[in-house]
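Have a look at this prediction, sequence included:
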Amino acid sequence: MAQLTLNVAIATLGPDGIRRVAAMTLPEVSGVSYVVSWQTDAPSPVIPSELRRPDVVVLTLPGRGISRNRNNAVTHCRADIILNADDDLHYTTEGLRAVIDAFEANPELDFATFRYSGSNSHKVYPSQSVTLERLPKGFSLGTIELAFRRRVIESGVRFDERFGPGAPLATGEDSLMLLTLRRLGLKGRYFPVTITHHPGVPTGLRPITNPGVARAMGALIGMEYPLTAPLRIPLKAWRMHRSSQMALLPALGALTQGYIRQFTMTRPWNR
């Protein structure tokens, strides 16, 4: 049986972003290649010399929106497995091989999630491998932890471009992708394996200054918990206030706006 291949789909923005990708010193691994989607409005963008390699493809995309950018990357992937990535991660040969090994050992899997190291004290990871039909208590997903088989993309699944930085609902594209995969009945599993290192501060630990972030949270709560969302919205606002992410009343207002907005939105798993 032939070894599975892996594309690492990296999304980046602007001149600083592509320099960060160049600084990632992407390891050369048999069966692994990199697809970089670079959002840039430069008339003649220059690809750094570090990325002019046979195992790296750099695609340019005008405009903004992280979900648009990720969709551009995954649409151009041709490997058996696609691992989603940001532009400030540190990969090793062992970490990338672990992703391939997980799918080779579990041919029934459509998608898998993993761990990353770094400033992730807010993360709650299960200690053992578990299926994702029902999420473990406290489980949350960062896009950089998610890999799926190319057949998932070929079936029409995409990141929802209404969500994420650069979109009106300015976060939650990762959570919505996981919810979509589960609602479609695709088979997923979490593996307690660290596949990359993230040196920065995760977005979820920063104060919220953009109301679009809270609106996205409210919309996601309504989509995932339609029956209990009216109770969860004020509780979420209180928790955001207690953690100093956002003042109580603005948080409650933005969450409620998002919750109301989601009633007019088509669910990505129903398209």
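Sure, I can see it.

Tally up the residues packed near D110, please.
19 (other Cβ atoms under 10 Å). The way it works is simple: take the backbone N, C-alpha and C, and place the C-beta from them, glycine included.

Nearest residue to it in space, please, no chain neighbours.
L186 (3.9 Å; Cβ to Cβ, 6 or more residues apart in numbering).

And that neighbour, how close does it get to L109?
Note on L186: its distance to L109, by Cβ to Cβ, to the nearest Å, is 9 Å.

what ranges do the helices span in this protein?
Assigned by DSSP state H, the helices in the chain fall at 14-22, 66-75, 93-105, 150-154, 173-183, 211-224, 229-242, 248-261.

most centrally placed residue in the chain?
T143 (1.9 Å; Cα atoms, centre = their mean).

That one is in contact with L176, isn't it?
No - the pair T143 and L176 does not pass the contact test of Cβ atoms under 8 Å, sitting 10.6 Å apart.

quick one: the residue nearest to D110 and V152 touch, right?
Yes - L186 is in contact with V152 according to Cβ under 8 Å; the separation is 6.7 Å.

got any residues that touch both of the two?
D110, F111 (Cβ atoms under 8 Å, 6 or more residues apart in numbering).

burial count for I153?
17.

Can you tell me which helices and strands the longest strand anywhere in the chain packs against?
Assignment by DSSP state E gives strand 188-198 as the longest strand of the chain. Here strand 188-198 touches strand 90-91, helix 93-105, strand 111-118, strand 130-131, helix 173-183, going by 3 or more Cβ pairs under 8 Å, 6 or more residues apart in numbering; DSSP states H and E.
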